[in-house]
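Q: predicted model, plus sequence, below.
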Amino acid sequence: MDFDLRNWELKVRRTYRAKGTGKPEQIPIQRVTITQPICVIKIINPLAKSTWYFAANCTAFINNIAVLNKRINLDEPTFVDIGKKASSYDLEFWFPWWHQQINLQIWQHPPDESDIITTLNRIEQKIDDISNYGGY
């Protein structure tokens, strides 16, 4: 699936490497935080064999409660819609043992302007309610 990410915010660009020589250790579980419920995740492994497709399992958390699990394939941008409103979202990535290097990229969808306007209108209404309370 192709995504036009020009108007999206690149939130994460990280490289993870397995530690050790000979038989390296598995890349540890990685956790990153985003602020929007919609994102696109792309995982690249420059050392991957052409037959490898699976890159990671991604679990989304809100307040340390798992709300979504998604399979991420190598070199394929994956659309993730957490579908719930929160102030932040933690994404946890589990990489299979055979990956010795992972390049993780996450773009988050910019906030919806209509949500901002709705929130501002609610704040304005509350201020009006407070100022009109008691007939002052």
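A: Great, that's in hand. Numbers count the residues shown, from 1 in each chain.

Q: what pLDDT does the model give the spatially closest residue to residue 36 that is not a sequence neighbour?
A: Nearest in space to residue 36, with sequence neighbours left out and distances taken as CB to CB, 6 or more residues apart in numbering, is residue 108 at 4.2 Å. To be clear about C-beta, it is placed using only N, CA and C from the backbone, and glycine gets the same treatment. Looking at residue 108, its pLDDT stands at 94.

Q: beta partners for the closest residue in space to residue 94 that isn't next to it in sequence?
A: Spatial nearest neighbour of residue 94, chain neighbours left out: residue 57 (4.6 Å); criterion: CB to CB, 6+ apart. Applying DSSP bridges to residue 57 gives these bridge partners: residue 71, residue 94.

Q: wait, isn't residue 57 in contact with residue 71?
A: Yes: Residue 57 is within contact range of residue 71, at 6.2 Å (criterion: CB atoms under 8 Å).

Q: more neighbours, those two?
A: A count of neighbours by other CB atoms under 10 Å puts residue 57 above the other of residue 57 and residue 71, at 15 against 11.

Q: how close does the more buried one get to residue 69?
A: Distance of residue 57 to residue 69, computed by CB to CB, to the nearest Å: 7 Å.

Q: before we move on, what about residue 29?
A: 13 Å.

Q: pLDDT weak spots in the protein?
A: 1-3, 112-121, 134-136 (pLDDT under 70).

Q: which stretches in it count as helices?
A: Along the chain, counting by DSSP state H, helices occupy 113-132.

Q: could I get the buried residue list for stretch 94-103?
A: 95, 99-102 (16 or more other CB atoms under 10 Å).

Q: again with stretch 66-83
A: For stretch 66-83, the neighbour count (16+ other CB under 10 Å) marks 68, 70, 72, 74, 77-78, 80, 82 as buried.

Q: any idea how far apart the tips of it sit?
A: By CA to CA, to the nearest Å, the extent of stretch 66-83 from end to end equals 13 Å.

Q: residues in contact with that stretch?
A: 1-3, 5, 37-45, 48, 52-62, 84, 89, 91, 93 (CB atoms under 8 Å, 6 or more residues apart in numbering).
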